[in-house]
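Enquirer: Kindly return the folded structure for what I paste below:
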Amino acid sequence: QAQLVESGGGQVGGSLRLSCTASAFNFTGNAMGWFRQAPGKDSEFVASINYLSSLTYYGDSVKGRFHIARDDARNTGFLEMNSLTPEDEAAYYCVASYSIHTIMKITDFRTLNAWGQGILVTVHS
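Expert: Purely as a prediction, here's the structure:
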């Protein structure tokens, strides 16, 4: 069941910041991350960050353009997205897990400890 809530999506032209809040889940001590899924395609790993914010990983298609961060005091995670293109259009899902490496390697993010319902991002061409 979804325990995380994404916000900040919409139709944009260049940059966007997504937020992820956890009402029934405590981010402290857990890694968190983001996946995305475009219509008719498999889900794709976007980014992950460990519980100390000392290690991050990014999918090849977003490296250098996206930035993941977290604020455990607010139990919130963020995904800063820059230089957006129509290829970035997708539903974006926030996830959490005990391990940053699990987030990177999982094929079905809905088997992780927590995930959100997703939020749609549409990009102007």
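Enquirer: gap between Gly8 and Gly40?
Expert: 24 Å (Cβ to Cβ, to the nearest Å). In this view, the C-beta of every residue, glycine as well, is placed from N, C-alpha and C.
Enquirer: If you could redo that for Ser61, that was the one I meant.
Expert: To Gly40, Ser61 is 17 Å away according to Cβ to Cβ.
Enquirer: that older thread, which of Gly8 and Gly40 has more residues huddled nearby?
Expert: Neighbour count, other Cβ atoms under 10 Å: between Gly8 and Gly40, Gly8 has more, with 16 against 5.
Enquirer: Can you name the next helix or strand after the helix or strand Tyr57 falls within?
Expert: In this structure, Tyr57 sits in strand 56-58 according to DSSP states H and E. Counting by DSSP H and E, the next helix or strand C-terminal to strand 56-58 is strand 66-71.
Enquirer: burial count for Ala31?
Expert: Ala31, neighbours per other Cβ under 10 Å, totals 26.
Enquirer: For it, grab phi and psi.
Expert: Main-chain torsions, Ala31, degrees, to the nearest 10: phi -80, psi 160.
Enquirer: Settle this for me: it is touching Ile106, isn't it.
Expert: No - applying Cβ atoms under 8 Å as the test, Ala31 and Ile106 come out as separate, 11.4 Å apart.
Enquirer: Find residues that contact each of those two.
Expert: Ser97 (Cβ atoms under 8 Å, 6 or more residues apart in numbering).
Enquirer: I am finished for the moment; much appreciated.
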